Structures are given as C-alpha cells and as structure tokens.
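S.K.: would you be able to build a 3D model of this:
(chains A and B)
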Amino acid sequence: MARFEARVDITHLPGILDPQGATVERSLPALGYDNVSEVRVGKSIRLVVEASDESAARAQVDEMCRRLLANPVIEAYEIDLSELSST
Amino acid sequence: MSARVGIVLFPGTNCEHDVAWAVDHLGGSAELLWHGERGLHGADAVVIPGGFAHGDYLRTGAIARFSPVMEAVATFATAGGPVVGICNGFQVLTEAGLLPGALQKNTGLKFLCETVECRVETTTTVLTNQAQRGTVLRLPINHFEGNYVCDDATLDRLRADDRIVARYVRNPNGSLDSIAGVCNEGRNVVGLMPHPERASDTLIGSADGAVLLRSLLTAASDRVAVAS
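M.R.: Got it, this is the predicted structure:
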C-alpha cells in the first residue's frame, strides 16, 4: 500500500453566491488594489489516504467528495494528489 | 391519545423547546430525541428543528446526517412517517438526501431575521393538510442559508408534481421560484425555512403557524389511527 496526500479544492459552482468572496472583493480597493475582480473564497481540505495505487486513491477521494466533502448541488471540487515517500 | 412528536436534538440545535412548546400547546405530546439515540421512542411524527446542528461544520446540515438518530428518521420517512425539517432542519434533510436541492447563502448576503408572508401552495402534505391553498401566512424567518437552489430538471419535477409547499410572497433571500418549502415524492417529508413554531400563538405576535403544526399533528394522528 502507498500513501497519497490529497488536496481537495472546493469552490462554489458558477451562479452560487459567495458572500465571503464578494466582501473580500469590496475590501481590496480600500488598500489601493482597484484592479481585482472575480474573487472567490472556497475551502481546502487536505487528507492522507492509503491505497494500492494512484488511481484507486483518486477514485476514493472523488467518491468521498461526492458523498460528503462537497455538495454537488452547489459546489465544485478539484483533487490534487501526490504520493508520499515511504518512511 | 395525543399524537407524539419526536423533536431531534443535535449539538447546536436551538429551537427544540419552541417546537415542543408549540406542539404541546396545540394538543400534541412533544418528546426530545437526542441525536445519539438509534430509535424514535415510538414517535408518530418527527420534527428536525432549527439551530446550528454540529456547528454547521463543513456545510449547514452536512454532519447531522451521520448522527445515529438520522438512520431511524430515514427509515421512518421511507415508511411514510411524517417528518418536518424547519430552517436548519430543512438544510439537514437536503444534506441527508431526504429532500432535493440545497440551501445556499441569501442574496444580499445578509442574515435575515424578520417576519415574512408565505403562501400555502399545496394542501396534500403532512404540514399543510389543515390549511387552505393560497392562504398567506405571516411567519418569522431567521437564517443566512435560506436561498433554495436546485437544477432545472428538479425544479420542473417539483412544479409538475405540486411539491412546492410554500412560496414567499416577496422573496426575501433570492430563493429559486420564491420557494420557502418543498416536500418529497411521498409528501410525508417537508422542509420549510420559516419557523411556524414561533408563530403558534397571538401572544408571540402571530398564530399563523399554528395551522401548519396542527396539520402535522393531524398527519401523526391519522398514522396512529391506521396503525391501530
């Protein structure tokens, strides 16, 4: 078995409201950054999964995203996977 | 014998006593059900009240569905038992897959705490069987994530099957099609963002919510009558 670190990046689907992003976007011009738009605040979840290979690890993380980590009705997710060197 | 209403209590739930008071006040018999329990203590109906179940961690309602009691609630719902989720309870039922769609943050990005007008759209549900279609009820809302959303196919199905239980007269939160509440296919599981229990007596400003809770008690009593 190998160990894989997964970084799951969860964002709102297009059209879903993002009050945090909107508030941050309104705040940045106060610091002089008046050229910033499309600020979106999401979630980042990191976890380590043991699996036989990378595709098995990815399949499991994807399933966990669909079943719990993200709500597919309102959220999109991206999975970044890297194998951890064995110690 | 009065209908027994089980009121689920998660860590972070904060409207359970309001619901219990209203149920007792309207002639039912309320019993609190701790989320760690695996049974419903013979309840004839279940209410999942408002609050912040499990601190709203991850997403509102997302963790609550793993509480042991929710398996019993799902089994009860599948068997046709009346289940009503109010506010956070509505969010819990969508996350648990017992109702379609999701509740996203309000348009306008504000937590809303006010009394709004809601129109009863169908009377063939466990929460509206004593109401009149088209009746406008004044009910309090108290939420940040009350903005109902679902995909187009789901909305078409909800409309075609007459499953939109109530709509806001003036949409306060951006809800799709002004939806304030929906029901499942069996019409025995209902989610509603406004709080009928907070409008169950004129002493607290409005008694407009009483007809909804009386409907639930009626559904619960009918179930008892069928079973016995």
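
S.K.: so stretch B:77-96, near chain A or not?
M.R.: Yes. Stretch B:77-96 is in contact with chain A by Cβ under 8 Å from any Cβ of the partner chain, via B:94-95. Any C-beta I mention is one placed from the backbone N, CA and C, and that applies to glycine too.

S.K.: got the end-to-end distance for that stretch?
M.R.: Terminal residues of stretch B:77-96 are spaced 12 Å apart (Cα to Cα, to the nearest Å).

S.K.: that one: how far from the chain's middle?
M.R.: 6 Å (Cα atoms, centre = their mean, to the nearest Å).

S.K.: buried sites along that stretch?
M.R.: Neighbour-count burial for stretch B:77-96, with 16 or more other Cβ atoms under 10 Å in any protein chain shown as criterion, is recorded at B:77, B:81-96.

S.K.: same check on stretch B:207-222?
M.R.: B:208-221.

S.K.: so, low pLDDT: which residues of chain A?
M.R.: Applying pLDDT under 70 to chain A flags the ranges A:87.

S.K.: run through the strands of it in chain order.
M.R.: For chain A, applying DSSP state E gives strands covering A:2-12, A:43-51, A:75-84.

S.K.: most tightly packed of these?
M.R.: Mean neighbours per residue, mean count of other Cβ atoms under 10 Å in any protein chain shown, is largest over these for strand A:2-12, with a mean of 17.

S.K.: that strand pairs with which strands?
M.R.: If you go by DSSP bridges, strand A:2-12 pairs up with strand A:43-51 (antiparallel), strand A:75-84 (antiparallel).

S.K.: can you redo these as JSON lines with distance to residue B:124?
M.R.: Below are those laid out as JSON lines (distance: least, Cβ to Cβ, whole Å):
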{"stretch": "strand A:43-51", "distance to residue B:124": "39"}
{"stretch": "strand A:75-84", "distance to residue B:124": "33"}
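
S.K.: who wins for proximity to residue B:121 among those strands?
M.R.: Closest of the strands paired with strand A:2-12 to residue B:121 is strand A:75-84, at 28.5 Å (criterion: Cβ to Cβ).

S.K.: who's in contact with the closest one?
M.R.: With contacts defined as Cβ atoms under 8 Å, 6 or more residues apart in numbering or on different chains, strand A:75-84 is touched by A:2-13, A:16, A:48, A:54, A:57-58, A:61-62, A:65, A:69-70.

S.K.: what about the longest helix in chain A?
M.R.: Longest helix in chain A by number of residues (criterion: DSSP state H): helix A:54-64.

S.K.: quick check: buried residues in that helix?
M.R.: If you call a residue buried by 16+ other Cβ under 10 Å, then helix A:54-64 has these buried ones: A:57-58, A:61-62, A:64.

S.K.: tell me the secondary structure at the residue nearest to the spatial centre of chain B.
M.R.: The centroid of chain B falls nearest to residue B:85 when counting by Cα atoms, centre = their mean (2.8 Å). In three-state terms, and counting by DSSP: H, G, I helix; E, B strand; the rest coil, residue B:85 is strand.

S.K.: you'd agree residue B:103 is in a strand?
M.R.: Yes. Assessed by three-state DSSP, residue B:103 belongs to a strand.

S.K.: beta partners of it?
M.R.: Beta bridges link residue B:103 to residue B:148, judged by DSSP bridges.

S.K.: that one contacts residue B:145, correct?
M.R.: Yes. Contact criterion Cβ atoms under 8 Å: residue B:103 and residue B:145 qualify, at 4.7 Å.
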